Each structure stands twice: as C-alpha cells, then as structure tokens.
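**Q** sequence first, then the predicted structure, then my questions.
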4 protein chains.
Amino acid sequence: MSSEFGKLLRISVFGQSHGRAIGVNIDGLPAGESIDLQELDAFLDRRKPGKSPLSTTRKESDAPIFLSGLEHGVTCGAPLCAIIENSDQHSSDYQELQDKPRPGHADYTAYIKWDGHADMRGGGHFSGRLTAPLCIAGGIAKQILSRHGVHVGAHLASVGDVEDLPFPLRPDRSLFDAVAAKPFPVLDDAAGERMQALILEARQHLDSVGGVIECAAVGVPAGLGAPMFEGLENRLAAALFGIPAVKGVEFGAGFAAARSRGSQNNDAFAVEDGEIVTCTNHAGGILGGISTGMPIILRTAIKPTPSISQPQQTVSLRAREDAELVVRGRHDPCIAHRAVPVVEAVTAAVLLDLLLEGHHGTF
Amino acid sequence: MSSEFGKLLRISVFGQSHGRAIGVNIDGLPAGESIDLQELDAFLDRRKPGKSPLSTTRKESDAPIFLSGLEHGVTCGAPLCAIIENSDQHSSDYQELQDKPRPGHADYTAYIKWDGHADMRGGGHFSGRLTAPLCIAGGIAKQILSRHGVHVGAHLASVGDVEDLPFPLRPDRSLFDAVAAKPFPVLDDAAGERMQALILEARQHLDSVGGVIECAAVGVPAGLGAPMFEGLENRLAAALFGIPAVKGVEFGAGFAAARSRGSQNNDAFAVEDGEIVTCTNHAGGILGGISTGMPIILRTAIKPTPSISQPQQTVSLRAREDAELVVRGRHDPCIAHRAVPVVEAVTAAVLLDLLLEGHHGTF
Amino acid sequence: MSSEFGKLLRISVFGQSHGRAIGVNIDGLPAGESIDLQELDAFLDRRKPGKSPLSTTRKESDAPIFLSGLEHGVTCGAPLCAIIENSDQHSSDYQELQDKPRPGHADYTAYIKWDGHADMRGGGHFSGRLTAPLCIAGGIAKQILSRHGVHVGAHLASVGDVEDLPFPLRPDRSLFDAVAAKPFPVLDDAAGERMQALILEARQHLDSVGGVIECAAVGVPAGLGAPMFEGLENRLAAALFGIPAVKGVEFGAGFAAARSRGSQNNDAFAVEDGEIVTCTNHAGGILGGISTGMPIILRTAIKPTPSISQPQQTVSLRAREDAELVVRGRHDPCIAHRAVPVVEAVTAAVLLDLLLEGHHGTF
Amino acid sequence: MSSEFGKLLRISVFGQSHGRAIGVNIDGLPAGESIDLQELDAFLDRRKPGKSPLSTTRKESDAPIFLSGLEHGVTCGAPLCAIIENSDQHSSDYQELQDKPRPGHADYTAYIKWDGHADMRGGGHFSGRLTAPLCIAGGIAKQILSRHGVHVGAHLASVGDVEDLPFPLRPDRSLFDAVAAKPFPVLDDAAGERMQALILEARQHLDSVGGVIECAAVGVPAGLGAPMFEGLENRLAAALFGIPAVKGVEFGAGFAAARSRGSQNNDAFAVEDGEIVTCTNHAGGILGGISTGMPIILRTAIKPTPSISQPQQTVSLRAREDAELVVRGRHDPCIAHRAVPVVEAVTAAVLLDLLLEGHHGTF
C-alpha cells in the first residue's frame, strides 16, 4: 500500500492517467456534514488545465461522480468514494516512453519497481492528474474545517526567481478567498504578471520552470499534534511529499531559520486580548510538533515540469544504451500555479484528520 | 502515540530529559545481526555534548544498557530495548519555566496539550537529549545497512551563512568515515573553521545560530519506496521532522529546483558500465518517491537553539500577562553540528525499514 | 477510517447496499499478476444470492468493473479499484426501520454513531452485500496465492446442530476445488442435505439459523507471522471479524482445546520425507502466532440472520418507547453457506499480505 | 514490528523471559491521570505464580520500575515505560530445547523465523512472563477507565469440562471486585473447587489442562467502534490473540449463536428508564462492530499448558530425526486462572484506546 494517508481520516487515491477512471476513497469522514458541490467544483476548477497558455491544452473533465458516502449532499458516515472518468487521452504519445524513460519522471523507477508491468501512459499512477482526486478529498475537508473555524489558503510564493509577497502575520479567510478568486494565485498581482511572463518565456524556449507555494491555516487551536513523530510537521510533510514534483517542505522560517540567530528566530510570547500569541511567527505556528494557535505556515518547493520538448539524453531500456528522446504531447511549462489548490487540499485533509483525533492529550 | 515511527521496523523513543532514564524500543530488527558495541559507542560519541566550547558543558552519559533483543552482541529477533540512565541534571534551573514558557521551545504547546501536567524539566520529552536513543537505533541500523552495502553519511552543510562544499555526485563510505572522524563534521575544514568562529561569536553575544545538515545514502538499490504517500521522501521527511529543531527537509536540488528550469533540473539518464545512472542528481536519487539507484541526498534545516541567555519577552501563564525571562542553565550556542549523526541515524533507520519491506512491488 | 485492513496489501471497502455502487480499492498488489476474470466470476458466483430457496430471492449483479490497476488482465502495480453497480433495490422496504431498529442489526448502533445520518437502506454500509467487494479482493488474492503454491478452501462445518465432517489432517487443492464446485459447500453431502432441510424448516417458521465455517490454507511456509500482536491469529481474526455476522473465531482445536489436556492437545513433531511436520494439528498450523508449515485451520461462527419475518420487539427511536416490528423484504434464512467464499476471501487476502511482508525475521 | 498494538494508545511489549528485563512502553496515555501504585501491584499479584500448588513454583518479582511518563504518580503525557527486572531464572533447564522443540510451544516456529538466533530460554519473548508488562499497561488502563465509569472484570468460565456460572445480564463493578479478591477467580466457588481439583489431578498425571475466560466491560457508551475492520470485535480479538495460549475468541453468544435461531439470538430492544437497552445480550454488547451500551461480553479459549513432564515425541533439529523429549523445569498445570487478569488487562487497554479516539463518527 502506498497511495493512502491519514490515521482516523484515511484517504486512498487510485487510478492511472489513461485508465478508465481515477478516484479517491475517504474513510472516516464525520457524518452529517453537508458538502456544497458547487463550491467543490469551483475548488476543483482551480487546478484544472486547459484554461490559458500557462498550462497544457489538454482538457480534463474533473466532474466527480459520488459512488458512496454522500446522500442528498450530506455525508452519511460510510466511506465516501468519488471517481472521475478519464477522457481526452492521447495514449499514442506515450509509446516511445515505454522504452525510453523521461528524465525527471518516474518512468524508470516505476519500470524497475514493477518489473516492466507499470501502466505509464500519461504518467500512469504518477501523473499530476492524480491530484484531482486529492482535491476532491481536500475540497471536502476544507468545507468541513471552515464550518469549524479553520480556514486554509495558499498562494504562489515564487516562480523561478520572481517572488510574491509573503502572507502577512495574520492572514484570514477573506484574503484566502481573494487569492482563490484570481486567475493567477498571488498576493501581489504585479509579481504575478512577471511570473506569467517567465512561464511563457520558458514555454517559448521549450523549457519549464519551478516554483514555491506558501500555504497557511488559521483557526487551528493550540495543542494539536504530538511530540516527535506525530507532530504537525511530520504528518503534513509526509502527505505533502505525495504531491508529484514536491522536492522540499519547510515550516515557518524553514531553511531561512538555519541562517538566522536565536534572538531573531525565537517568537516572543505576548498576551493579546487575553489570548496567548506570538509577536512573530518564525515557528510557522508549530513548536515541538504541536500547534501554538498562531497560523500554520508552510512552503513546498515544486520542481520544473520534467516534460519539456527539447531533445534530452536518456537510455533505451531494451538496448541498454544511451538514446535521445523528444517528449511529445501537451505539457505544462509550469505546474506550480496549478498545484496551489492541491497544497491547500492536502494541508486541509491532514488538519481535519488531526482535529478528528481531538485534543486527546488529556481524557 | 506519537514518539514512534516505522512500519516493519518500529522505533519507539521514551523518556524525559530529567526522568529516571531515556530509551528506545526497536521492534522488527532482523535476527542474527552482530552489533559492534564499540562502533556504536563511537557513533553515539559524535552527538555527545561537553566536548568543546561549541556545545553545552553538560556531561551526558550516553552509555546504553541493553534490556532485551541482544544476546551476546547478536540480535535475537525479539524487540531490542536499550536505555540510558539520566544523571548530571540541574532541574532547579527549570523551576521558573513552568510559569514562563521559553520562546521557541515546546514549553507552551506541551503545557496546553497536556493541560499543565507535562514534565518539562530540561525540555522533558521534547529535549534534544531524546536524540541519544534515536542514535542507538540509527547506529544499529547503520551497521546492518553497511553489511548489506548501504552506507549513510552526513556533514554540516552550513552554519548561518557559512557554507561547506556539497557532497560530490558520488560520495562513498570512505568520505563518510573521514567526516565522521573529524572533530567538526565538514568536508571543507576551512569552512569548518569559519563556522566554529561564527558559533563562538554567537555564544559571546548570548545568542545562538542555526545550520543545515546534508545527508547521503549510497548503495540503495533502484526500486525502493512506493508512489504517492509511501515514497522515500514521505517516509524520510516524516521521521526527520521528529528531530527537535528541524524546520525544513528537502531532497536533491530541493528548494533550488523551484528556481531552476526543467532543462537544468532534469537528470539525463546514461548507461555506465552496463548500469543505468543519471549524469546529475538533482532528484536526490528519488523519482516518483522511488529510488533511482543514485545516492539519496537530503538536507534538513536546523533552527538556532531557542535557549539563549539574553532577556526575552514571554508571558506568565498563571498571571496571564507579559513577562520577561532569562533562560538559565547550560545550553548549546548551536546544535546543528551535534545533530549531524542524528540525521544519519534517522535516515538509516528509515532506509532499513524500507529495505525490510523488500522489493515487494512484485512477488 | 475503519473499512480497511492489511499492512503492505491494503484493502478498502466502500459503498452502501442501496447506494450508487459498492467497491473495493486494493493498494499494494504485486505487479505482473494475471487475473483470470472468468475464474474470478466463478468465485463471486459462490456467494451470490437468488440461486435457491436457501437464500434471498434478491438478484444481485456482482459483475465487477475495474477502474484501475488492471491492464489487459494483468496487475500493473497501481492500486486496483473495482466497483459493482447497485440495482434491484427495494429501498421502500426500509422506511420503517429508520425509526425502529431491527434487533440483531447495526441499525441502532449506526444511528448512534453517526447521529442519525447513516444511510441504512438495505443495511447500508453494514450490509452483507459489502462482502461482494471483499470477494473481489480475496478472489484475486486466491489466484496469486495459488500461483505461489498456497491454496485456500473452506466448507460449511455446521448449520445449527448439524455438523459436516472436519477437514482431514492434510486437505489439498483438489478437495477445495471439489467443495467449491458443489451447490452446497460441505464435505459430507448427507450432512449437507440435513443442513438444507434445517434451513428450509427455519424459513418456514419465519426464522433463521446460524452456522460455522471451517477454512484451511495449505502451502503456507513455516515462519510466517510474528510474535504477540502481529501473528497469524491476530491478523486473521482482526479481518475475519469484519465479515458481518461473525461472532467467534478459533484456530486449530480452538475452544475444544480449552476442554482438553496438554498430552492430547500438543502436536508431536516428526520428520517426514526430510520435512518437519506435526502428527496432529490442534495448533491449526500456528504456534506463537507463527506458521508451522502445517495447514492453517480456522473456524468462524456465523450468527443466524437477524432479519426474520416474525414480529419482534424493538423501540421507536423518535417516540423513545417500546414498539413492535415486522421486518419486510427478502432475506436469507441462513447466510452461513453463502459466507463460505467470503471467509476464504478474507483469509486469502490476509495471507497474501503477510507473504508480501516476506520472511523479514532475518534480512 | 509485532509486539505492539493500539492506535492512539500504543502499547509495546519487550523482553525475553531470561533476559535482563522485560517491560512495556505505553505511548499516548492521557496526561494528568493519577496511578495508584498499590492498586496496580494488587492487580499484578493476581497473575503472579508461586502462590499455590495450582501454578509453577517459580517466584517472579513483578515489581515495575517506572522509567518515564509518570511523575509523582501522575501521567505526564510523555510515553510511560516500565520495566521488570528478571531473576530466579533456571536457564540451564532450557539447554536441550535449543535442539528439541517442545510440542505446542513456539520453539520451532521461532527457530525457523529467526533462523536459529532466537533466545528461547524460558520461552524467550514468547513466554507467558511477557503478560506481566501487559498487565502493567492494562492495570493502568483499568484505573483510568474506572475513573470514567468503565469497569472491566473477568472470571474463569471453565477449566476442562467444569464450568462456572456465566456473568449475569448486568454485571457490575462490585461483582468484578469480588471475583478479583478471591484466591480462585470464579463466580461459583463450588465450581471453583472442582476446577482446582481437576488442575491438581492433571498435575499428578504430569499433564495440564485448558480453560475459558469470560470478560465483561460495563459502562462503555453506545457508539464506540466502527464498521467492518475497526470494530470492537476486530480490535479486541487482534489484541487478545496476543496473549500466549489463546486459541479462540468469541463475543456474546459466540459459537453458540451458530447453533441457535434468529428468534432466540436476536436481542429485543426496549426502553428502560428512558435508556435504550436490549432485553438479552447475545450480541455481547456489539452490533456491526459498534457498542450498543450493553455490557461487552467476550470469552477466550486458553489451551492447556504445553510444557508437561510426560515424555513427548519431537525432533532433533540438528540431526533432523525423530527424538524424545522430557520437558524439565517448573511449569503451570494450568494457566487459565492466572490469565484472567491478563484478559482484563488487554480488554481494558483496547477499550481505553478506542475511547481516546472518541466518538469521532461526527465532528
């Protein structure tokens, strides 16, 4: 087993990019939660391709079909399974790749692991398309969390060297909603323009570019998570690395903390309106793996799309010799902007799971 | 449960810094493995404090007592439990902290989670001291891995802004051994001198400084790990964030990948002596969560030690008002160099766990 | 999460009896395994109702639709999801039950757990119908196991007080096949006749009757399973109690062992053709949770179908007062004979999971 | 890993019978719970041997030493590790057994699993002695449960063919306390006398005898447990089969249900003082894996002690030929009566774990 995560809320993703359907099974959702399907569709739309020259021209229908767990729009306690049927597949594009693994893709490692039996058409089970079912799960989690005062939002922190503004010390739901409503998910639209120019320039050069996504969760009560290996950081990172192309995860100041001093990095505590808060949030809302009550702040590094149209050096698995490859098909010059809702989705799912565990530190 | 990780190899850490003993229970170790206790002691020595002005003057005895699982120096299949008895504790230093949580520490979050019942003397269960039992587990894992051709090594990649050289494309065991034998674990001793100067300068200013640790594992066969949520990155990150003070984890190029182009970041495949390799290793030996056969490369960000001797702003939990705190006791101005073997230990334990699962992609 | 089991092979069941579809997601199947779909259909047919007066007249189409994980009849390594669409539902039969929980059913407990939101039409997620996806998973596991020399078979050991013969000391595949081919799954057809008479008699009295299923697995190598909580007995029992109506599980002599003496119950070891065997098998092939190499023998107690047509005393949840209930709809007077392949399926799935873990006691 | 169970409350048992110490690590205990150590000692005394001719004359000191997790008698949130040092070992008794596995013991299966490296002195990690740390965990769980209105008790339901009375429909704490205070844990002392006579008679014949333990838990709220594979039955059975010598587990009517009719076995619902109850309890307080609010009732079959002093047929592993064995050492002619508190302990631990998960069916 491997395409599952969660403890009390267990999320299993299945499907190959060009198989019959992809989907998700969510076991452990609380019963009696209304799911607004329009709101869910709007959320799924945020990761959909085919909307602009910034992404692949593939059209993907992400319309979820609910097989179980949802009756009259309300969760019934039983596992919720939703699928998305596949269509608009150009499997012929992938013939050559069975012999010549694409650099930067899982073609080779899947070939080794599954001894040549992997169905890698369209990236198979490793395709970014599998993030659609993740978004179904996360979109549902986001709705439930919101009802309980926890809001999750994200923006594109950088593309290549172009940086967006960081989240303010106390982002809130309205800021998340505003970013989500934008065609390009940034705080600073001028930076967003420069990012888009960079993406288009990469496309022109038959190249691709990476980016960083910053995600925040507000309303998380202090005391969530547990020491050592079941902390917020452990659980979030374990799930976030499941998003294809994520190569780094950091919390709060993250790698920048390694370059700073204790006197700068420590967040002073203060009493504000009777609540204990921190004056800065280099900890990203997490100390000892446990939430402080301040916003949870994390960033994930998304590598540049490996599918580029330049000729690349690879090997022929059959001939066991060097070979050249030109990847065909319709690919995104950048997936970081489309991955923004995916990071939200995974973050929300993990937080809901932890909240369902409850404040079990005491009885 | 929270202080445990692993799947077939399950590692449970227990103890509080000033309790009777700390220890580790390792369930699932293969039987019949000789453990060289001198080699293990030498490994544990690498994280021990009290050896230089670069670390706390506390003397910690890290001599493990084996309660089970090891007979005549050979694992017997039953769970291996080893403990370290506590001593040289100055618990009185921690009286004030019960009311005034230290900025940057888990004092406050543990207080909330356990409703005031946490034993936080010396940092309690959140103390860096808990990395000693982790090193027992990891030191044992390293010995078993080595016997099977997998070698794990690490160095201090940076302290503050001072950077060591990165690992070469193909580090090997002799390089790991050379770094491990040095009093200060860097590749470039000149950089090491500058790092040490920086640490001492921080100490003089009653401050502390963070750093980055780079870890490599060589000899890992291609095909280890599984897609989405049980990949090498997921499993390693989940465990590495269990090391106190880790705030970021990245693999291969990591966050730098987010700033690069696909044409740069993709690792070309090539056939070398009949083996399939990659010409660069921006992937850190992992594609789709699965090992490529190239070295596994990861980096962890270690925040500056939060215990600094400058006056800091905090709150009084009882009075629920702002307060000032001067942390007393003997603290490290930097823990990144001492954490180097800990990162090796955790990495080795996760890899052994995954190797025990075997190449189960096919029967 | 709750409707999942397994460790490296993870089986998740979803669906409600009268929802859109029921199904199973199997994560961790080895790649490259051919699945004979005709053989699978024949296996699924064994639990299908509507074939005789011994079972409900409901017609259930159990034709699985494979959404993922199976390409050209061969497993591809990715999770295998298969669904069965629902039809022939008489949901109106269940209106009254929303207020009046059926004695012996999960109506009341699901109502409490999910605070009135459970979809209990046709038994909802608790329905015996959910054993169809279990049989898909188990039928696949049986085929893979057979290819590796492990064969699983079962028979109806008793209905009410009528007992079949027990399995011989060394049952084999041909015996399993012979029983599976019979319309009524017993070793002794005369006993089978008496059982069927008893079932029909129960039906005539608007009553139902329970039974015991005995299951065997041969070809399991010695050394499978692990001490204390991950033994064969723990893992098998945990999964077998997931079959609706199972109220007891025993291995080897089981409860009869509690009435016997050590001198009778101990299985003498002997060398037979160079192999170490036991002369009897009161241990059911399991000592210390670990397989001996002898046949695994287990029995499960199946309670009488709770849905009987006699008037029964229950309560009105709304009025919170006593009430009478006459269960309508088409129900089985006995489900033990239909549960025979289900017990095989679950046993096979658990054994495949354990075999995938491998003989990891040593490296 | 294998000697662990639990989900939010994780219990890991370690040690070999003749190793340096045995122990338990309990991760996930709620903080702030006072543990009455005298009450715990009294509980541990109930399983201790050496008190009468009914059990082995070995003296075992079961005095737990708390290494962590308990400060001033109160749980502090961190993992609680307790050990018992070993003494009074006659390891020489076990020399011969390294070559000649005892019938009915794990000697042979451990030898195979761990390739000859198992430490099987005194039964090693498979020894009944490992139930002492289980009782530490369970004794602590019992105290916490009691404080929350859940009480667990057990009695010896049968030894050989001699049966005790069953628990009444509604056993209570005072009944549990009364049985626990008796030197021989039965409801009907006359039956207890006959059981003891039977045990002594078995001992005289150099034989041993098995028994059945019935356990009840009262005060468990309705709605605990979850459908299919995380139900009370699944979780309890998985843990109970971890007790050495348990070969069967049943709930409520259990195997007797398989011999009865639906009209008998169904428990009618009724309203009693405004509460919904069942008039009988053949379900053992569990429907669909979820608690009904009625007492949880379970029974475990304990096989006769395999260590008997009669000559037995076994094999020589080295010579790979048949051999005779006379087991020496001091063994119990029956362990069922000593296992009564162990069944209570495991049941309590599982229930506490489930209660910590909370009623998470709804948010």
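**A** Alright, I've got the coordinates.

**Q** low-confidence ranges, chain A, go.
**A** A:1, A:50-51, A:56-61, A:88-94, A:359-360, A:363 (pLDDT under 70).

**Q** which SSE is the residue of it most remote from its centre in?
**A** Using C-alpha atoms, centre = their mean, the residue of chain A lying farthest from its centre is A:Ala319. It sits 37.2 Å away. Using DSSP states H and E, A:Ala319 sits in no helix or strand.

**Q** same check on A:Ala348?
**A** A:Ala348 belongs to helix A:340-357, assigned by DSSP H and E.

**Q** what residues are up against the residue lying closest to A:Arg46 once chain neighbours are set aside?
**A** Spatial nearest neighbour of A:Arg46, excluding adjacent residues (C-beta to C-beta, 6 or more residues apart in numbering or on different chains): A:Pro341 at 4.1 Å. For the C-beta atoms, the positions are set from N, CA and C on the backbone; glycine is no exception. By C-beta atoms under 8 Å, 6 or more residues apart in numbering or on different chains, the residues touching A:Pro341 are A:43-44, A:46-47, A:135, A:138-139, A:154, A:180.

**Q** before we move on, what about A:Gly6?
**A** Shown in contact with A:Gly6 (C-beta under 8 Å, 6+ apart): A:28, A:239, A:349-350, A:353, C:1.

**Q** can you pull the phi/psi pair for A:Gln310?
**A** Per-residue torsions, A:Gln310: phi -70, psi 150 (degrees, to the nearest 10).

**Q** from A:Ser208, how far off is it?
**A** Separation of A:Gln310 from A:Ser208 (C-beta to C-beta, to the nearest Å) stands at 10 Å.

**Q** and A:Ile302, by the same measure?
**A** A:Ile302 is 11 Å from A:Ser208, by C-beta to C-beta.

**Q** cool, A:Leu356 as well?
**A** 38 Å.

**Q** between those two, which is the more surrounded one?
**A** The residue with more neighbours, out of A:Leu356 and A:Ser208, is A:Ser208; 29 against 22, by other C-beta atoms under 10 Å in any protein chain shown.

**Q** what sits against A:Val343?
**A** Under the contact definition (C-beta under 8 Å, 6+ apart), the residues listed for A:Val343 are A:154, A:213, A:215, A:240, A:243, A:300.

**Q** can you report how many residues lie near the last one?
**A** A total of 32 residues lie near A:Thr300 under the criterion other C-beta under 10 Å.

**Q** hang on, isn't A:His18 packed against A:Gly122?
**A** Yes - contact criterion C-beta atoms under 8 Å: A:His18 and A:Gly122 qualify, at 4.4 Å.

**Q** now the strands: where do they sit in the stretch 251-363 of chain A?
**A** Applying DSSP state E, counting those that start in this stretch to the stretch 251-363 of chain A gives strands spanning A:269-272, A:275-278, A:286-287, A:290-291, A:296-302, A:312-316, A:321-325.

**Q** kindly reformat these as CSV and extend each row with distance to chain C.
**A** Output for those, formatted as CSV (distance: least, C-beta to the nearest C-beta, whole Å):
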stretch, distance to chain C
strand A:269-272, 36
strand A:275-278, 31
strand A:286-287, 24
strand A:290-291, 22
strand A:296-302, 23
strand A:312-316, 21
strand A:321-325, 22
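
**Q** closest one to D:Ser34 among the ones you listed?
**A** Evaluated over those, closeness to D:Ser34 peaks at strand A:290-291, with 23.7 Å, by C-beta to C-beta.

**Q** for that closest one, what is the distance to the chain centroid?
**A** Chain-centre distance of strand A:290-291: 21 Å, with C-alpha atoms, centre = their mean, to the nearest Å.

**Q** identify all contacting residues around it.
**A** Contacts of strand A:290-291 (C-beta under 8 Å, 6+ apart): A:220-227, A:231-232, A:285, B:106, B:109-110, B:112-113.

**Q** next step: the residues you listed restricted to strands.
**A** In strands, judged by DSSP state E, none of the contacts of strand A:290-291 are found.
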